[in-house]
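# Quick one: sequence plus predicted model below, questions after.
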Amino acid sequence: MKPFAIKDKFIPCGRIRVAGDKSIAHRALIISALSCGKTIINNFPVHDDSLATLSVLSALGVKIASDNKQVSVWGVQRLKKPSKPVFVNNSGTTLRLILGVLAGTGFKTKLIAGKYLSNRPMARVNKPLRLMGAKITAKSRSGEEYPPLVISGGNLKGILYRMPVASAQVKSAILLAGLSALGKTRVIESISTRDHTERMLKSFGANITVNKNSITLTPDPDRGLISPGRIYIPGDISSAAFLAVLAVIIPGAKIVIERVSLNPSRCGIINVLKRMGAKIKVTPFKNKKAQSFEPMGNLTVSSGKLKAIVINHSEVPSLIDELPVLMVAACFAEGRTIIKGAGELRFKETDRINSMISNLRPMGAQICSIKSGGLENIVIKGKGFLNGAKLKSFGDHRTAMSMVVAALAAKGSSRLDDISCISKSFPGFLTTLKDLLR
C-alpha cells in the first residue's frame, strides 16, 4: 500500500506524451507472435498489464526481446505447451485474448489470475469459444465462471456469434480463435466496440472484412499472418483522458498531449468533453515514418466552463475506461449529467460504480445510480466544485487516477489510501503530473 497526500494545488501547463496505448500493445504482441517474421514494436508501454501479456507469450515459447520502449517479437508457427500454470496477473485483456489463442492449440493450459481478476466474469468469453470447439473448465459461483481456467485447444470450427454484451475483449478472443478454425468466423455486435484487433489483423494480411457491426474472418490454411516488420503504438487515449479532464476543470490550465491515438472507436472521451463545453483542438499527426495503421495526433486542451449532458448507452463502449474520470468532470459541470447504461463498470478490476460513488460523495458530490428500463444509469448533479476528503483506490488503477484528478481540483487537502495500483496501466502518472507543474 502506498498512501498519497494531496495538499498543494497547481495549474497544469505544458507539452507531454503518454505511454503507448495499452489495448493496442496487447494485440501487437499477440498477433506478432502468431505471424511469420520478426516484428519490431515501437513506443511499447511498460506497465503491469502489457508485461503480463509479454510474460504469457514467453511461457508459450515465443522469443521476445525488449529494450526500453522497443520490443522485438519473433513469430512462431506453433506455440509450445507451458511447463507450469501460466499467470496472467490482473490483466483481463491478457486472459481473454490468450484464451482465444489457446483455443486453437493442441494442448491443455491452466491460466491463473491475480486477486482482482479472479473475481471478474469469464463465461462471456468461455461460451463462444466452447461453441467453436474449445474445452474450458472454470471456477463456478452463482451461475458465473471465474479464473482459474483450464483450456484444452483442438479442432475449431468457425461460428456466427451475435454478441450479447458489448465487449472488444470477447470479440477479439473469437477472432483470434477464428485464425485456427475451419471455415468463416463472423461476429455481429449490437453496439460497436474498439476495433484494434480488426485493424491489426488486416495489417498482418488476415482475410478480414468489416461491414458496419459485422466482422468476418476467413482463415487461409496455406498463408498465415505475415509481419509488416514494424509497428508504432500511438499514445494511450485512456491515459490521456485523466490529464485532459484535469486541464479542463482547473482554471487557467492548458496542455498539449502529443501523438495520442485518434482511433474513432476510442474517441468517445474527446467527443463527450467537447459536448460538455471543453476546449479541445485535435491536430492529426502527419509524420509518415511514425504513422501506423492506427490514426493519431495531438490534443490541445484548455480549461473551460462545463455544462451537463446526457451520455447515451450506445456511446459507453467507446469510453468505458474513461467513465470514472468523466464522473469527476461532471461534478464540475453545471446541471445534471446522466450516463446511461453504465452497468458494465460493475465488472471491471473493481466495481467502478461503487468505487466512484463511495469516493465522490465524501467530497460533496451529488451522485447516484438508478436502474431504469433494464439499464443502470449514473446521475450526477454538478456543483462546480469538490472538497478534499479521505479517498480509497479500491485497488483499481482508473479509480485511483480519477481520484487524484478530483483531489487536485478540489478545495482543501485529500489523502488517497493507495496509489500502487496505478502501475497497472500508467506507472509514470505522478511524474507526468509533476512535469505539468507551473
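Good, I have the coordinates.
# only C-alpha atoms for contact and neighbour calcs from this point on.
Noted.
# since we're on residue 83, how many residues are nearby?
A total of 9 residues lie near residue 83 under the criterion other C-alpha atoms under 10 Å.
# What of residue 75?
With other C-alpha under 10 Å as criterion, residue 75 counts 25.
# model confidence over stretch 263-281, on average?
For stretch 263-281, the mean pLDDT works out to 96.
# Return the set of buried residues in that stretch.
Within stretch 263-281, the residues scored as buried using 16 or more other C-alpha atoms under 10 Å are 263, 266-270, 272-273, 275-280.
# which ones among those are found in strands?
279, 280 (DSSP state E).
# want to try JSON lines for the buried residues of stretch 263-281, with distance to residue 26 as columns?
Below are these laid out as JSON lines (distance: C-alpha to C-alpha, whole Å):
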{"residue": "263", "distance to residue 26": "16"}
{"residue": "266", "distance to residue 26": "16"}
{"residue": "267", "distance to residue 26": "19"}
{"residue": "268", "distance to residue 26": "21"}
{"residue": "269", "distance to residue 26": "21"}
{"residue": "270", "distance to residue 26": "23"}
{"residue": "272", "distance to residue 26": "26"}
{"residue": "273", "distance to residue 26": "27"}
{"residue": "275", "distance to residue 26": "31"}
{"residue": "276", "distance to residue 26": "32"}
{"residue": "277", "distance to residue 26": "33"}
{"residue": "278", "distance to residue 26": "31"}
{"residue": "279", "distance to residue 26": "32"}
{"residue": "280", "distance to residue 26": "28"}
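# closest to residue 119 among the buried residues of stretch 263-281?
Proximity of these to residue 119 (C-alpha to C-alpha) peaks at residue 266, which lies at 26.0 Å.
# what's the distance between the residue of the chain most remote from its centre and residue 199?
The outermost residue of the chain relative to its centre, with distances by C-alpha atoms, centre = their mean, is residue 222 at 33.5 Å. Note on residue 222: its distance to residue 199, by C-alpha to C-alpha, to the nearest Å, is 22 Å.
# Residue 217 too?
12 Å.
# what's the answer for residue 305, then?
Distance from residue 305 to residue 199, by C-alpha to C-alpha: 37 Å.
# ditto for residue 166
From residue 166 to residue 199 the distance is 18 Å (C-alpha to C-alpha).
# Check residue 111 too.
Note on residue 111: its distance to residue 199, by C-alpha to C-alpha, is 27 Å.
# still on that earlier bit, which pLDDT value belongs to the residue farthest from the centre of the chain?
Confidence at residue 222, expressed as pLDDT, is 81.
# rewinding a little: which one of residue 217 and residue 199 is surrounded by more residues?
A side-by-side neighbour count of residue 217 and residue 199, using other C-alpha under 10 Å, places residue 217 first with 25 against 17.
# if I look at the closest residue to that one other than its chain neighbours, how far off is residue 381?
Residue nearest to residue 217 in three dimensions, not counting chain neighbours: residue 208, with 4.5 Å by C-alpha to C-alpha, 6 or more residues apart in numbering. Counting by C-alpha to C-alpha, the separation of residue 208 from residue 381 is 45 Å.
# Please apply the same query to residue 122.
On the measure of C-alpha to C-alpha, residue 122 and residue 381 end up 35 Å apart.
# which one of these two has more residues nearby?
Neighbour tally, residue 122 and residue 381, criterion other C-alpha under 10 Å: the higher count belongs to residue 122, 23 against 19.
# Run through the residues that contact that one.
96, 144, 145, 146, 147 (C-alpha atoms under 8 Å, 6 or more residues apart in numbering).
# Tell me, how many residues neighbour the residue nearest to residue 217?
Neighbours of residue 208 using other C-alpha under 10 Å come to 18.
# do the same with residue 136
Residue 136: 20 neighbours (other C-alpha under 10 Å).
# now do residue 164
11.
# Quick check: it is in a strand.
No. Applying DSSP: H, G, I helix; E, B strand; the rest coil, one finds residue 164 to be coil, outside a strand.
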